[in-house]
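[1] Model the following, please.
(one chain, ligands or ions: 1)
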Amino acid sequence: MSNFAVQGGARLSGTVAAQGSKNAALPILAATLLVNEPVRLLNCPRLRDVGNMLHILESLGCTVFREGNDLVVDSGTADRFVLPTALSHELRSSIFLLGSVLSRFSEADAPYPGGCEIGNRPIDLHLYGLKRLNAEICERNGRIRCKGNHLCGAVVDFEYPSVGATENIMMAAVRADGTTVIRNAACEPEIVDLQGFLNACGFRVCGAGTPTVTIEGVEQGHGTAYTVMPDRIVTGTYLIGAAMTRGDVTVENTRPDTVDALLSKLRDCGCELTRYDTAVRVRAAERVRCVAFTETRPYPGFPTDLQPQLFAMLSVAQGTSVLVENVFENRFKHAQELKKMGAQNRILDRTAVITGAEQLHGATVTAHDLRGGAALVLAGLCTDGVTVIEHAERIERGYEQIDRAIRALGGTIMRT
Ligand code: EPZ
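    Residues are numbered from 1 along each chain as shown. Model (predicted):
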C-alpha cells in the first residue's frame, strides 16, 4: 500500500495539461481486437487500469509496445478468447472485452466481474444486448461463456443508458450481419470517441452522443492511428481544486464542452471562468458559495465521476448544499473520510446534506475508490495541517502523476 501526504494551505495556481481519457482509452483498447492490423494510439494515458487492460490483451496473444508517447497494439497475433481471471477482476471494465472478443473469435469466456466500492455493478444490460445480436450466453461457476458464430444486427433497447453496455454492443455489432440500432444509448463523450476510433478502422457507426446509435455491419476493418480524447474528469478535478483553494488554474489540452455541467456549478458558487478552444481557466478570489442542489445524471447531466470532488468542494463552501447520487448506489464512502477532516455532512440513502466548514484539519484517511481518493487529495489542500491518504495506488488507477500535477500548481504533496 502506498500513501499520499498532503500539506494544506496553498492556493493552486498555474497551468496543467489534461491527460488522455481513461474511460475513452479502455473501450478503444478493447476495440483493437476487432482488426488484425496494428493500431497506433496517441495520447493514451499511462495508468494502472490501462496497464491492466494491456496485460489482458497480451494474455489473448496481442502484441503491445510503446513508441515514445504512442502506444501500438497489434491484434493480428491474437489467438485466445479466454480472459484471465485475476486481471479481469482487477479491472472491472474488462467486461467491455466481451463484445470485441466475441466478434473476433465467435466465442468469449470471461470471469463474472465482482462488485466494487461504488456499487454492485451488474452486467445484465451487456448480456441482454449480446443476446439480441444472436449470441448464446451461459453463466456458470462465476464465468460467462458467449458463443456467436453468426452475430446478426438487431434493435437493442436499453432500460438504462449504460456506458459500458452501449460500448460493448457497438463493438459486438461492427462485424455482425446487418444493421444494429441501440436505443436509449449512453451519450457520454467517451462513446463518441469510441465511434471515432471504430470509423477510423473502417467500420460504420453513427449517432454516438445521441440516444440512438446505428451500426452497419461490415466484413472487416483495418489498422489505424487515433488520438484519444482528453480526460474530462481529470480536467474537472483540477478545476475544482482551483475553486476549493481560492486559486487560479488553467487546464489546457482539454475539451471545455465536455465539462459544461461542472462549469455551470463553478459559476453558481462564485468562480470566474474563462473558456478557450482547448483550455478552461477557473479563478476563485474568495471562499466559494454553497450550491443549493445538485444531482448526478447520465451525460450531459452532472457526472457521477465528479460527485466526490464536488462533495469535497461543498465541504469548504459557505452554507449548506444538497447533493444526490443517482447513478451508483454506494458512492458516498468519501463522506466518512471527509468527516475525519472536520467536514460536516449527513447521508440519507442517495442524498448528502453538506454544511461547509471554514477550515478542515489534517487527518489519516482512506481512499476507498478512485474518485473518492481524488476528492480527499483536494480536501487535504484545504486544511491547516497534513493529511495522509492511504491507498494512493487506487487514485493512480485514473490520475497520471497527480502528485506531480498538484506540485506543479503550487500544492505540497508527497508519495510515501
Ligand atoms: C462507466 O462505468 C465508467 N467506467 C465509470 O467511471 C462511470 O462512473 C460510469 O460509466 C457512469 O458514467 C468506464 O468507462 C471504464 P454504467 P460503467 O454501465 O460502464 C447500472 C471511473 O471512476 N447498470 O453506465 O460500469 C449500474 O449498476 C469509473 O472512472 C446496470 O444496471 O457504468 C449503474 O448503477 C467509475 N446493468 C449504472 O447502470 C448493466 O448491465 C451506470 O453504469 C450495466 C450498468
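[2] Just the CA atoms of stretch 304-318, as CSV, please.
    Taking Å, rounded to 0.1, in the frame of the first residue of the first chain, the C-alpha atoms of stretch 304-318 are listed here in CSV:
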residue,chain,number,x,y,z
THR,A,304,-21.1,10.9,-11.2
ASP,A,305,-17.3,10.7,-11.6
LEU,A,306,-17.1,14.3,-10.4
GLN,A,307,-19.5,13.9,-7.5
PRO,A,308,-16.9,13.1,-4.8
GLN,A,309,-14.7,16.1,-5.9
LEU,A,310,-17.7,18.4,-5.8
PHE,A,311,-18.6,16.9,-2.4
ALA,A,312,-15.2,18.0,-1.2
MET,A,313,-15.6,21.5,-2.6
LEU,A,314,-19.0,21.9,-0.9
SER,A,315,-17.4,20.7,2.4
VAL,A,316,-15.5,24.0,2.4
ALA,A,317,-18.1,26.3,0.8
GLN,A,318,-20.2,28.9,2.6
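[3] Can you confirm whether that stretch lies near the ligand?
    Yes: counting by C-beta under 6 Å from any ligand atom, contacts between stretch 304-318 and the ligand involve 304, 305. No exception for glycine: its C-beta is placed from N, CA and C like everyone else's.
[4] Buried ones in that stretch, by neighbour count?
    304-317 (16 or more other C-beta atoms under 10 Å).
[5] of these, closest to residue 288?
    Nearest to residue 288 out of those is residue 317 (C-beta to C-beta; 4.8 Å).
[6] Spatially, what comes nearest to the closest one if we skip its sequence neighbours?
    residue 356 (3.9 Å; C-beta to C-beta, 6 or more residues apart in numbering).
[7] ok, back up a step: same list as before, the buried residues of stretch 304-318 that is, but in CSV and with secondary structure and distance to residue 274 included.
    Below are the buried residues of stretch 304-318 laid out as CSV (DSSP: H, G, I helix; E, B strand; the rest coil; distance: C-beta to C-beta, whole Å):
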residue, secondary structure, distance to residue 274
304, helix, 26
305, helix, 24
306, helix, 20
307, helix, 25
308, helix, 25
309, helix, 20
310, helix, 20
311, helix, 25
312, helix, 23
313, helix, 19
314, helix, 23
315, coil, 26
316, coil, 23
317, coil, 21
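[8] How about the residues of the stretch 101-250 of the chain by the ligand?
    So the stretch 101-250 of the chain meets the ligand at 119, 121-126, 160, 162-165, 186 (C-beta under 6 Å from any ligand atom).
[9] can you do 5 Å?
    Residues of the stretch 101-250 of the chain found near the ligand (C-beta under 5 Å from any ligand atom) are 122, 123, 124, 125, 126, 162, 163, 164, 165.
[10] Check which helix or strand the fourth one maps to.
    Which is residue 125. helix 124-132 (DSSP states H and E).
[11] So for that helix, what gets flagged as buried?
    125, 126, 127, 128, 129, 130, 132.
[12] show me what contacts the closest residue in space to the first one that isn't next to it in sequence?
    When you say that, I think you mean residue 125. Among residues not flanking residue 125 along the chain, residue 165 sits closest, at 3.9 Å (C-beta to C-beta, 6+ apart). Neighbour list for residue 165: 123, 125, 126, 128, 129, 158, 186 [criterion: C-beta atoms under 8 Å, 6 or more residues apart in numbering].
[13] 10 Å - rerun?
    95-96, 99, 122-130, 156, 158-159, 182, 185-186 (C-beta atoms under 10 Å, 6 or more residues apart in numbering).
[14] likewise residue 398?
    So residue 398 contacts 19, 21-23, 45, 47-50, 231, 233-234, 237, 305, 369-371, 373-374 (C-beta under 10 Å, 6+ apart).
[15] repeat that for 8 Å
    22, 47, 49, 231, 233, 234, 370, 371, 374.
[16] again, but for residue 210
    With C-beta under 8 Å, 6+ apart, residue 210 has these contacts: 185, 187.
[17] What of the one 10 residues further on?
    Contact criterion C-beta under 8 Å, 6+ apart gives 35, 36, 175, 202 as the residues in contact with residue 220.
[18] distance of the second one from the ligand?
    Just to be clear, that refers to residue 36. 25 Å (C-beta to the nearest ligand atom, to the nearest Å).
[19] residues from the stretch 251-400 of the chain in reach of the ligand?
    304, 305, 370, 371.
[20] Could you work out the most separated pair of those residues?
    Counting by C-beta to C-beta, the most remote pair of those is 304 and 370, 11.8 Å apart.
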